[in-house]
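**Q** sharing a model that was predicted from the sequence below.
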Amino acid sequence: MTLTHSTLRLTRESCASMTERYPFSIRLRVILIVALSVAGILTSGYWLTRQYFEAEMHDLSYKELSVLGETLKITVVEMMNAGADDKALEKAYQRIIDKQPEVLALRVLHGEALNRQFGIHENEMAETQLEKEGLKSNQALIEQSEDGEQHITEFIYPLFAEQACLACHQAEVGESLGILSLRMNSSGLKEKVEEEKFELLQISVIQILLLLSLLLWMLNRLVFKPLALLGAGAKRMSQGDLSRDVEGEANTELGTVVKSFNDMADKIRVLLGDQEMVIEEQTMELTHLMAASQHIGSAQSLPEVLDQFSRSLVDMLRVTFCRILMLDDNDLLDMNAEHPIRPLSLQTPPSGSKDSCPNIWQTISRNDHMLIAHDDQISETERALLRMDEAEFTLCMPISNKGKVFGMVVLSEFRSSERDPIDARKIQLCRAMVSQMGVAIEMARLYERLVEQMMETVLAMAESVEKKSPWTAGHSRRVTGYAVILAEALGWSGERLEELRIAGLLHDLGKIGVPGSILNKQGRLTEEEYAIIKRHPEDGAQILSKIKMLHPHIPMIRHHHEWINGSGYPDGLCNNEIPLGARIMAVADAFDAMTADRPYRKGLTVEQAMSRLEEASGTQFDAKLVAMFKHCAVKSIN
């Protein structure tokens, strides 16, 4: 049934889709005619089968009850021959009723011959219409009816005089002596019959569904789907899409039409030539040029900018290899980025100078491109820098901005010139890309200098805080060192570790607003003074919020005095609400504060400070971080 439902669902979806595209086609009418015809045929067959089934069940019941009647008749005759009177017979009838719960009543009614001999008895008179008809009939009769929830079957079996009966009864052989009336509860049989009918209905429904599925699948496979593919292909071609042929079987009537469409599409493709490929290439080139322009003024570092440009040049110009050489302060060319289109042998080229690379320097001085072939006479250093050990041709394009040359782009093609040459169009595209690269490099360098100046300014502010008190000199750098040790133990690296390092150096920046008298006080701080001290995480975060590039460090600086149990400041965060970097900073800050000398006490030993960290573990500090700090930091400190 699952397969049938899936087939029907797919057929319905396919037919619905085709009906939407071709509302005036004959598909729907064909499907309806087939479905109605199949349903009508199978429904008629089901009705005839049901009628036949009911007739067979009626005949079977009649035959079985006839056998039962004959058996009861023989039993009655044998008992009468044995001298049984009416009471004995009635007891026998009652025993049968008691042993057979489905038997509701069993009576023997006298016919005309016995009524003449013995007279008419009131309890032997016919009570039902069937009994009256049975006294007049020479055949067994059966009738079924409903009595409330019970299905009742009445059976009348005639009793004819036999030779043995003439000894007691005044009748002729074959004359009717009466009838045997049997009334039974046939509800169980009726339920079985209904169950058989329901099973027959289920089988008929399944047959209808299977046959419909098969017919619809065949129609869809052989007619509707080919027509839909043909229509979709014709529509696609009419809209100018000639990228693929119309699908269809070749050895059918529809296949001839499909082949004609495909032949027409082939001729159109020949006429159009490679226009689509040209448009695609131009679109890709424009996309790369637009992507390259996005690097101008971005916040990417110079290595990231160079790497992106090397990849874009290889993808856009479809060359084998790109290498970017940059001039350093000593006018030496060094490799800063490279990208091959496929894996190549590793190479560490030497630095190029004006003396060792005369051809390259001539290109730089002219600020124009140079195309070098594999067999051209160049120096060994130039051959190594330009990958001429494997390249067939190499294009050198200086990188400049406003007349100042920063370096050179090297595009090497390892394939033969007949396959994919470096032509004028590639040189023009390379010049456009490299022109944007020069601007992007200049902007990246300006951005790096700006970042350096900004960091120098912020770090100078942080150092000015420490210089307000001789007791806190070097505190930020030591805290940063401890925090980095713990973070590395946690697996931190790269940019994440650098953010922690900067946050460590700036974590007490907010103390710039704390008076030196408080920082250098030898006695216990008053509540007002302590309140001023407690503001320094918020003040530091507020200062850094004005500098967008330092926003990632603010959560660690603002929350490094929060406690695990939520009793810290400034926001009362607890557990994982506190950023992991801030929790690391809290351990490192507390450890350095305890081991450093203060105006009011001598610094604790490493063991004493670690013991106090463990005492506050789980309340003030993250217990896992304290345990890890004890494991890795003590060894590093010692």
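**A** Yep, that arrived.
**Q** residue ranges in the stretch 101-250 of the chain under the pLDDT threshold?
**A** Along the stretch 101-250 of the chain, the model assigns pLDDT under 70 to residues 112-125, 163-167, 169-171, 174, 189-190, 248-250.
**Q** grab the nearest non-local neighbour of E338.
**A** Excluding its sequence neighbours, the residue lying closest to E338 (CB to CB, 6 or more residues apart in numbering) is R323, at 4.2 Å. Yep, even glycine has a C-beta here, placed from its N, CA and C like the rest.
**Q** wait, is the one you found part of a helix?
**A** No: read with DSSP: H, G, I helix; E, B strand; the rest coil, R323 is strand and lies in no helix.
**Q** and for it, the neighbour number?
**A** Burial of R323, expressed as a neighbour count using other CB atoms under 10 Å, amounts to 22.
**Q** A337 is in contact with that one, correct?
**A** Yes: counting by CB atoms under 8 Å, R323 touches A337, with 7.4 Å between them.
**Q** quick one, strands of the chain?
**A** Ranges of strands in the chain, per DSSP state E, are 103-110, 141-147, 150-160, 176-185, 321-327, 333-340, 370-373, 393-401, 404-413.
**Q** out of the ones you listed, which gets nearest to V305?
**A** Closest to V305 of those, according to CB to CB: strand 333-340, at 8.9 Å.
**Q** give me the angle between that closest one and strand 321-327.
**A** Per axes from the mean of the first three to the mean of the last three CA atoms, to 10 degrees, the angle that strand 333-340 makes with strand 321-327 is 160 degrees.
**Q** and L386, how many neighbours?
**A** 28.
**Q** what's the per-residue pLDDT of it here?
**A** Looking at L386, its pLDDT reads 86.
**Q** give me the distance between it and L500.
**A** Distance, L386 to L500, using CB to CB, to the nearest Å: 42 Å.
**Q** hang on, the earlier thing: list the contacts of the residue nearest to E338.
**A** Applying CB atoms under 8 Å, 6 or more residues apart in numbering to R323 gives the contacts S310, M335, A337, E338, P349, L385, L386, R387, V409, V410, S412.
**Q** swap the cut-off to 7 Å and go again
**A** M335, E338, R387, V410 (CB atoms under 7 Å, 6 or more residues apart in numbering).
**Q** which non-adjacent residue is nearest the last one?
**A** Yep, that's V410 we're talking about. Nearest non-adjacent residue to V410, counting by CB to CB, 6+ apart: R323, 4.3 Å away.
**Q** what distance do you get for that neighbour to L72?
**A** As judged by CB to CB, R323 and L72 stand 113 Å apart.
**Q** what segments of the stretch 151-300 of the chain are helices?
**A** For the stretch 151-300 of the chain, the helices defined by DSSP state H, counting those that start in this stretch cover 187-219, 225-238, 253-272, 275-293.
**Q** buried residues, the first one. List them.
**A** Residues of helix 187-219 classed as buried by neighbour count (16 or more other CB atoms under 10 Å): 187, 189-190, 193, 197, 204, 208-209, 211-213, 215-217, 219.
**Q** and which of these is nearest D355?
**A** W217 (80.9 Å).
**Q** what segments of the stretch 501-638 of the chain are helices?
**A** 516-519, 527-534, 536-544, 554-558, 580-595, 606-615, 623-637.
**Q** start and end of stretch 362-375, how far apart?
**A** Chord length of stretch 362-375, first to last residue, is 19 Å (CA to CA, to the nearest Å).
**Q** what does that stretch rub up against?
**A** Contacts for stretch 362-375 (CB under 7 Å, 6+ apart): 359, 378, 386, 388, 391-398, 400, 405, 408, 422, 427, 431.
**Q** at 6 Å instead, please
**A** E392, F393, T394, L395, C396, M397, P398, S400, V405, I427 (CB atoms under 6 Å, 6 or more residues apart in numbering).
**Q** how about these in CSV, adding pLDDT and neighbour count?
**A** Below are the contacts of stretch 362-375 laid out as CSV (pLDDT from 0 to 100; neighbours: other CB atoms under 10 Å):
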residue, pLDDT, neighbour count
E392, 85, 19
F393, 86, 22
T394, 88, 27
L395, 89, 24
C396, 90, 23
M397, 89, 23
P398, 90, 23
S400, 86, 20
V405, 88, 16
I427, 83, 16
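**Q** which one of those residues is nearest to H631?
**A** Checking the contacts of stretch 362-375 against H631 by CB to CB gives V405 as the nearest, at 53.7 Å.
**Q** what bridges to the closest one?
**A** S400 (DSSP bridges).
**Q** how about L327?
**A** For L327, the beta-bridge partners are L333 (DSSP bridges).
**Q** state the distance from it to I41.
**A** Taking CB to CB as the measure, L327 and I41 are separated by 90 Å.
**Q** please apply the same query to G491.
**A** Remark: distance between G491 and I41 (CB to CB) = 74 Å.
**Q** so H560 makes contact with A582?
**A** Yes: contact criterion CB atoms under 6 Å: H560 and A582 qualify, at 4.8 Å.
**Q** okay, these two: which has more neighbours?
**A** Per other CB under 10 Å, whichever of H560 and A582 has more neighbours is H560, with 28 against 24.
**Q** got a list of what the nearest residue to the more buried one once chain neighbours are set aside touches?
**A** Excluding the flanking residues, the one nearest H560 by CB to CB, 6+ apart is M585, at 4.0 Å. M585 makes contacts with A483, H507, M556, H560, as judged by CB under 6 Å, 6+ apart.
**Q** let me see the contact set for the spatially closest residue to the first one that is not a sequence neighbour.
**A** In other words, A483. Residue nearest to A483 in three dimensions, not counting chain neighbours: A588, with 4.1 Å by CB to CB, 6+ apart. Residues counted as contacts of A588 (CB under 6 Å, 6+ apart) are V479, Y482, A483.
**Q** quick one: contacts for the second one?
**A** Looking back up the chat, that one is Y482. The contact partners of Y482, taken as CB under 6 Å, 6+ apart, are A588, F591.
**Q** just the pLDDT for it.
**A** At Y482, pLDDT is 92.
**Q** number of residues surrounding G40?
**A** 10.
**Q** if you could redo that for G481, that was the one I meant.
**A** 18.
**Q** before we move on, back to that, nearest to L573, of the strands of the chain?
**A** Closest to L573 of the strands of the chain is strand 333-340 (CB to CB; 43.1 Å).
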